[in-house]
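Enquirer: quick one: sequence plus predicted model below, questions after.
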Amino acid sequence: MSIKLHQVTKQYGTQKAVNDISFEVSKGQIVGFLGPNGAGKSTTMKMITGFIQPDHGSIEVCGIKVEGEALFTKKKIGYLPEHNPLYLEMYVKEYLSMLASLHVIPDSKKRIEEVIRLTGLSTESNKEISQLSKGYRQRVGLAGAIIHDPEVLILDEPTTGLDPNQILEIRSLIKELGKHKTILFSSHILQEVEAICDHVIIIHKGTIVADRSITDLKMIQASGLTRVKFSGEVAQKDLMSLSGIQEVKCDEHGEWLLRSNLSVDINKELMSFALQHNLNIVSLQAQTLQLEDIFRQLTGE
């Protein structure tokens, strides 16, 4: 495993920012790390990168324990934090050259030109960082994260401040990098996560509430959900009396969302219900969920 956390806990005062979490990310995976603000995402990423230490538990990067080997594991990691720290008075190439020298990269000029091209900085590469837009500053941060060709990339909100065209370009870059690297990245743009990732880890109040492929997560969360609309008024208690019904909700458009036991043929039950109450069924469909719907269900937002 490229990243492995086992029963990791981090506490600030009386608040547990991360509470006994465990997960693994395999080589070549691009995994979305999701959660509401304050859920523990950034704290977890800082622990993986060795910037802060967990109170309990163990973290491994490329089979090496971070505790006691933080300097060595940092060589394996490229990290773009949420608040991208840059030396604004430096020029783009000057900044990347400094990072290349810190990593003792052979043929650094060639590598700098390569990451400039990869991150779309060619037109801005001779400018002072302070003169760049927020989007281009984010690209400089990403270029710095990959300058040493790390095995693992930790990206905290990598598309912050980018326009839609730039987001597509960075998304494409992340997918390309993911062919050869392990990538764990957080984003509040859930459509972006669906476009890039096959697997997501969702954290809420410091606890992992989901760790699955997006396909499996959608299947599990949508199982037994049916959306139906009748031609006339229906009482919630009458729908709750149907065999196998576990939960009933009505939206502002008069559509009912039913959660039922999977062993029940809910369509048959609803057809019989409509006949008994002299109603027509205007629409009837199995409910499909987007990642945003699942996120809201699991985090209670």
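Expert: Looks like it came in fine.
Enquirer: wait, residue 44 touches residue 8, no?
Expert: Yes: between residue 44 and residue 8 there is a contact at 7.4 Å, judged by C-beta atoms under 8 Å. (C-beta placed from N, C-alpha, C; glycine too.)
Enquirer: grab the nearest non-local neighbour of residue 2.
Expert: Excluding its sequence neighbours, the residue lying closest to residue 2 (C-beta to C-beta, 6 or more residues apart in numbering) is residue 182, at 3.7 Å.
Enquirer: same check on residue 144?
Expert: Distances taken as C-beta to C-beta, 6+ apart place residue 99 nearest to residue 144, at 5.1 Å, with adjacent residues excluded.
Enquirer: residues touching residue 41, list them.
Expert: 33, 34, 35, 156, 186, 203 (C-beta atoms under 8 Å, 6 or more residues apart in numbering).
Enquirer: try it again at 10 Å.
Expert: Residues in contact with residue 41 (C-beta atoms under 10 Å, 6 or more residues apart in numbering) are 17-18, 33-35, 82, 156-157, 184, 186-188, 201-203.
Enquirer: per-residue pLDDT, residue 301?
Expert: You'll see residue 301 listed with a pLDDT of 53.
Enquirer: show me where the stretch 201-301 of the chain has helices.
Expert: Using DSSP state H, counting those that start in this stretch, the helices found in the stretch 201-301 of the chain span residues 214-222, 236-240, 266-276, 291-299.
Enquirer: what packs against the last one?
Expert: Just to be clear, that refers to helix 291-299. Secondary-structure packing of helix 291-299 (3 or more C-beta pairs under 10 Å, 6 or more residues apart in numbering; DSSP states H and E): strand 30-34, helix 190-196, strand 199-204, strand 207-213, helix 214-222.
Enquirer: show me what the third one is packed against.
Expert: Read that as strand 199-204. strand 15-25, strand 30-34, helix 41-48, strand 182-186, helix 190-196, strand 207-213, helix 214-222, helix 291-299.
Enquirer: angle of the third one against strand 30-34?
Expert: Which is helix 41-48. Here helix 41-48 runs at an angle of 130 degrees relative to strand 30-34 (axes from the mean of the first three to the mean of the last three C-alpha atoms, to 10 degrees).
Enquirer: over to the first one?
Expert: With the same axes, to 10 degrees as the criterion, the two stretches strand 15-25 and strand 30-34 enclose an angle of 160 degrees.
Enquirer: kindly report the same for the last one.
Expert: If you take the same axes, to 10 degrees, helix 291-299 sits at 50 degrees to strand 30-34.
Enquirer: which of the helices of the stretch 201-301 of the chain sits most buried?
Expert: Among these, helix 291-299 has the highest mean neighbour count (mean count of other C-beta atoms under 10 Å), at a mean of 17.
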